[in-house]
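K.L.:
Here is a sequence with its predicted model. Questions after.
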Amino acid sequence: MKKITTILIEIILGIVLILGIGYAAYQYNWFGIHGQVVKEIQSHKTTVDTTPIKKNSDRQAIMRRLMRDTQPGLQKQGFVSVPQVGILEPIFDDAYSKKGLNAGANYANRTQNDPQGTQAPVMGQGNYGLASHNFDDGLTGFSGLQQHYQDDAPYLVAGKRHENKWLNNKPIYLANASGIYEYRIARQKVVTADNVSVLNTTNRAQVTIITCLFPSTQFRIITTGYLTKTYTWGKAPSRVVHYFDLTKQPTNAHADWFNPGIEEGSNGDAGGTKVK
């Protein structure tokens, strides 16, 4: 009996040791394990659904769930989706406050010419600035926009900054009550945290997404996309509308422990359709 007990203890300790090593390997990205796991999760996070949405009432229901108020004191502007890396976040109106960034993505509009941000950006027009946290996990906030987990490269190598093309031509979708705006990514680069010129007004409609670089957080990753198509909710391709169906798509504002409230997507209250 004593021998059996000893064997069981050894087995349990062996399992604990294996689990501990596995956790450390993931947490500290040994052999790139964390990055590989994240890439696999990202690739399956967004459901690609081409089922036709024939009823306009169904499309309007998706829009209403998207635009419902969820954060007291913040005005919701819409949602942002980057399907390639599993991003789906609400957009609010204050990227310059802790409250705003704690709630999700926010528009960013303080420029050299408008340091107070008096002019609210408009989706589908000019330079639409957008900011959200990089939670350094590849899955929440805008962390999916950094190519490699806990690695400055290829944005910053030997102290020199470089453009990155890994997401070029991938779509960014912005959505509000009026419609859906499709942008295509043209480039990524890094700038210092105090660089506001990236938000300067432009004649060409574009989106400028700002998030931190890790581990060199004094730099910001700038993802630039140019407007290619504008859809009304009634005319948008069903595939595109499905990206914003909160009853089927998970959101990633990191509400599980960092942000107030709960996720608005299928991993939370599903656009208000799930009863607490």
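P.N.:
Received it, and whenever you're ready, just let me know what you need.

K.L.:
What are the boundaries of the strands in the stretch 151-276 of the chain?
P.N.:
Secondary structure of the stretch 151-276 of the chain by DSSP state E, counting those that start in this stretch: the strands cover 156-157, 160-161, 171-175, 180-192, 206-212, 219-231.

K.L.:
got it, and the stretch 1-150 of the chain?
P.N.:
Going by DSSP E, counting those that start in this stretch, the stretch 1-150 of the chain shows strands at 78-82, 87-92, 105-107, 127-131.

K.L.:
For the ones you listed, give me CSV that also has distance to I62.
P.N.:
From N, CA and C alone the C-beta is placed, and that goes for glycine too. Output for the strands of the stretch 1-150 of the chain, formatted as CSV (distance: least, CB to CB, whole Å):
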stretch, distance to I62
strand 78-82, 10
strand 87-92, 13
strand 105-107, 19
strand 127-131, 21
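
K.L.:
With mean pLDDT added, can I get these in TSV?
P.N.:
Below are the strands of the stretch 1-150 of the chain laid out as TSV (pLDDT from 0 to 100):
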stretch	mean pLDDT
strand 78-82	98
strand 87-92	97
strand 105-107	96
strand 127-131	97
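
K.L.:
and this structure, what are its domains?
P.N.:
1-45, 49-242 (automatic domain parsing).

K.L.:
hey, which of the strands of the stretch 151-276 of the chain is tucked in deepest?
P.N.:
Across those, averaging neighbours per residue (mean count of other CB atoms under 10 Å) puts strand 171-175 on top, at a mean of 24.

K.L.:
which secondary structure elements does that strand contact?
P.N.:
strand 78-82, strand 180-192, strand 206-212, strand 219-231 (3 or more CB pairs under 8 Å, 6 or more residues apart in numbering; DSSP states H and E).

K.L.:
Mind listing residues that contact the last one?
P.N.:
Among residues not part of strand 219-231, those counted as contacts by CB atoms under 8 Å, 6 or more residues apart in numbering are 124, 134, 145-146, 152, 155-156, 161, 167, 171-172, 179-193, 195, 198, 204-213, 237, 240.

K.L.:
Next, count neighbours for Q42.
P.N.:
Using other CB atoms under 10 Å, the number of residues around Q42 comes to 18.

K.L.:
gap between it and G86?
P.N.:
Using CB to CB, to the nearest Å, we find Q42 at a distance of 4 Å from G86.

K.L.:
any residues in contact with both of these two?
P.N.:
With CB under 8 Å, 6+ apart, Q42 and G86 have common neighbours 139, 144.

K.L.:
hey, which of the domains of the chain is tucked in deepest?
P.N.:
domain 49-242 (a mean of 18).

K.L.:
what about the stretch 1-150 of the chain, any weak spots by pLDDT?
P.N.:
Filtered on pLDDT under 70, the stretch 1-150 of the chain yields the residue ranges 1-5, 7-11, 13-35, 37-38, 43-44.
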